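S.K.: kindly generate the corresponding structure for this input.
(one chain, ligands or ions: 1)
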Amino acid sequence: MQQTQTLPATLDLPTGTARVEWRRNVRARRVSLRIHPADGSVIVTLPPRASPKAGMALLMDHVDWVSNRLAALPRRVMFEPGADVPISGVPHVIRHRPEARGGAWIAEGELHVTGAPEFLHRRVLDFLRQEARRRLGALVAQKVEMVGVAPRRVILKDTSSRWGSCAPDKTIALSWRLVLAPDYVQDYVVAHEVAHLRHMNHHPVFWALVEEITPYRRAAMRWLKTEGTRLLRIG
Ligand SMILES: [Zn+2]
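M.R.: Next up is the predicted model:
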């Protein structure tokens with residue numbers, strides 16, 4: 001975006017420094033501020049004609065709001081030795097095994113990861129994505145059996161705005177991070193997207209089908225609302 005050089009890339013707060021990202025959005029109606037939950041950056045969105053000054057003014061007016069929102073973010077969990085990573089909602093401590101071979105595996109409730117330290121993050125991520133594919137794939141197959149319509153394909157994504165989606169071409173997209181959530185949450189999100197293969201809307205008939213193929217709708221929605229952000233702070 002233009003004039004970026006005149007806009008600050010960071011914001012100094014009493015609690016530390018936050019990264020600021022400036023975005024120009026043709027569809028935006030007004031200047032807006034939000035916090036990116038994954039990395040805690042502050043995103044200022046400007047409509048086409050708004051001046052960067054207006055964005056700056058909004059930001060300065062909301063320094064306390066930004067501070068409070070950042071302070072309220074769930075703790076960040078990095079993929080590093082000793083970190084506690086939930087898999088299907090169950091905490092697994094990362095054990096680095098530089099001397100061992102075989103990639104990554106779960107044993108006795110811990111996640112063992114081999115190789116050089118600089119590859120640990122990548123290896124944990126690859127392992128979790130592979131687990132996500134396996135666990136969510138099995139759930140998709142199970143729900144597909146129940147509704148009698150199959151997706152064209154199932155892809156894994158890393159989105160912060162939605163846990164799953166179903167496109168009109170019957171492509172189901174799921175966040176790999178669902179593998180971190182409890183089984184019943186995975187069950188519900190998969191059921192929701194598979195139900196869209198029959199109904200591309202959220203009409204009562206859609207929800208009736210969802211409830212036919214998962215008993216966890218309400219509990220899972222509640223969990224995602226209160227705990228979902230935590231999943232974005234992992235890795
Ligand atoms: Zn939906």
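
S.K.: just checking, residue 173 touches residue 153?
M.R.: No. Applying Cβ atoms under 8 Å as the test, residue 173 and residue 153 come out as separate, 9.3 Å apart. Where C-beta positions appear, they are placed from N, C-alpha and C, glycine not excepted.

S.K.: show me which of the two is the more surrounded one.
M.R.: Just comparing residue 173 and residue 153: by other Cβ atoms under 10 Å the higher neighbour count belongs to residue 173, 18 against 11.

S.K.: that one: which element?
M.R.: strand 171-175 (DSSP states H and E).

S.K.: over to residue 224?
M.R.: helix 217-232.

S.K.: show me what that helix is packed against.
M.R.: On a contact count with 3 or more Cβ pairs under 8 Å, 6 or more residues apart in numbering; DSSP states H and E, helix 217-232 meets helix 183-195, helix 204-213.

S.K.: want to throw these into TSV with mean pLDDT, mean neighbour count and distance to residue 54?
M.R.: Shown next, in TSV, are those (pLDDT from 0 to 100; neighbours: other Cβ atoms under 10 Å; distance: least, Cβ to Cβ, whole Å):
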stretch	mean pLDDT	mean neighbour count	distance to residue 54
helix 183-195	98	24	38
helix 204-213	98	15	41
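
S.K.: quick one: which of these is nearest residue 231?
M.R.: Nearest to residue 231 among these is helix 183-195 (9.4 Å), distances taken as Cβ to Cβ.

S.K.: is residue 113 in a helix, a strand, or coil?
M.R.: strand (DSSP: H, G, I helix; E, B strand; the rest coil).

S.K.: shouldn't it be in contact with residue 125?
M.R.: No. Residue 113 is beyond contact range of residue 125, at 10.4 Å (criterion: Cβ under 8 Å).

S.K.: any stretches of this protein with poor pLDDT?
M.R.: Across the chain, the ranges flagged by pLDDT under 70 are 1-6.

S.K.: care to break it down by domain?
M.R.: 4-72, 84-232 (automatic domain parsing).

S.K.: for those, which one sits closest to residue 78?
M.R.: Nearest of those (Cβ to Cβ): domain 84-232, 7.8 Å.

S.K.: dump the helices and strands packed on helix 217-232 to a markdown table, plus distance to residue 43.
M.R.: Below are the helices and strands packed on helix 217-232 laid out as a markdown table (distance: least, Cβ to Cβ, whole Å):
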| stretch | distance to residue 43 |
| --- | --- |
| helix 183-195 | 25 |
| helix 204-213 | 32 |
